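>>> here's my sequence, what's the structure:
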Amino acid sequence: MKSAVLFLTLGVLALMTGCSSVNIKHDYDTDTNFATLKTYAWMAAPTNANGSVQAALSRTAGLDKRIKESADRQLAAKGYTTDANNPDFLVLYHVGAEDKINVTDWGYGYGRYGRWYGGRGVEVYQYKEGTLILDVIDARSKQLVWRGFAAATIDPNASMETRKRKLDEVIAKILAEFPPAAK
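Reported below is the predicted structural model:
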């Protein structure tokens with residue numbers, strides 16, 4: 001159980017060894033006036049007695065602290081301030097990891113010594129994909145108004161320093177599109 005917690009924490013922190021391989025997406029409510037949002041607070045993660053073990057394992061104290069500190073730095077650089085009593089918006093994150101398989105059928109194959117034997121060249125690559133989602137929720141209506149999403153291959157062998165740096169880079173890329181440009 002402890003190794004599952006450690007692996008998941010390391011995996012999400014290692015979110016992507018090369019930032020070019022990070023898949024970033026954004027979505028938002030086009031009716032929201034983002035110019036009115038100035039202050040924020042962190043929303044407590046929802047608790048569910050029937051929740052999955054993976055969801056519970058993914059929220060460790062160290063990972064929680066690093067994600068919040070990184071996002072706080074990015075939001076402060078954009079001019080947002082924290083206000084636990086009367087925030088304009090709430091921020092919540094979600095993390096996860098999933099086993100993936102990539103199968104490539106090259107349609108040809110080689111035998112020994114480069115001779116053609118008519119077989120097919122099939123490569124199978126197993127890996128874990130980590131996901132980090134940042135949600136922005138209107139504090140008054142409790143409606144989701146913006147979501148940033150990052151997914152990429154996890155490097156479980158990355159050093160702690162590399163994991164921290166990559167986490168900062170991923171969060172910066174997610175928040176690069178917050179707030180969305182006025183249309």
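>>> which helix or strand lies directly C-terminal to the lowest-mean-pLDDT helix or strand in the chain?
Taking mean pLDDT, DSSP states H and E as the measure, the helices and strands of the chain show their lowest mean at helix 2-13, namely a mean of 43. Sequence-wise, the next helix or strand downstream of helix 2-13 (DSSP states H and E) is strand 23-28.
>>> any idea what the spatially most central residue of the chain is bridged to?
Closest residue to the average C-alpha location of the chain: L132 at 1.6 Å, with Cα atoms, centre = their mean. On DSSP bridges, the residues paired with L132 through beta bridges are V95, A150.
>>> who touches it in this structure?
The neighbourhood of L132, defined by Cβ atoms under 8 Å, 6 or more residues apart in numbering, consists of 12, 15, 67, 93-95, 149-151, 170-171, 174. No exception for glycine: its C-beta is placed from N, CA and C like everyone else's.
>>> got a markdown table for those residues, with distance to V124 and neighbour count too?
Below are those laid out as a markdown table (distance: Cβ to Cβ, whole Å; neighbours: other Cβ atoms under 10 Å):
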| residue | distance to V124 | neighbour count |
| --- | --- | --- |
| V12 | 25 | 24 |
| L15 | 23 | 27 |
| I67 | 33 | 22 |
| Y93 | 32 | 20 |
| H94 | 29 | 16 |
| V95 | 27 | 22 |
| F149 | 27 | 16 |
| A150 | 25 | 22 |
| A151 | 21 | 19 |
| V170 | 27 | 26 |
| I171 | 32 | 26 |
| I174 | 31 | 24 |
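>>> so which of these comes closest to A41?
Proximity of the contacts of L132 to A41 was ranked by Cβ to Cβ; the top entry is Y93 with 13.4 Å.
>>> for the closest one, what are phi and psi?
Listed backbone geometry of Y93 is phi -120, psi 160, with angles given as degrees, to the nearest 10.
>>> doesn't A41 make contact with T81?
No: at 10.2 Å, T81 and A41 do not qualify as touching, with contact defined as Cβ atoms under 8 Å.
>>> which one's more surrounded, those two?
In this view T81 and A41 are compared by other Cβ atoms under 10 Å, and A41 has more residues nearby, 16 against 12.
>>> confirm that that one sits in a strand.
Yes: using DSSP: H, G, I helix; E, B strand; the rest coil, the secondary structure at A41 is a strand.
>>> what's the most distant pair in the contacts of L132?
Checking those with Cβ to Cβ, the most distant pair is I67 and A151, at 15.3 Å.
>>> so where's this protein uncertain?
Residues of the chain that meet the criterion pLDDT under 70 lie in 1-20, 46-60, 106-120, 182-183.
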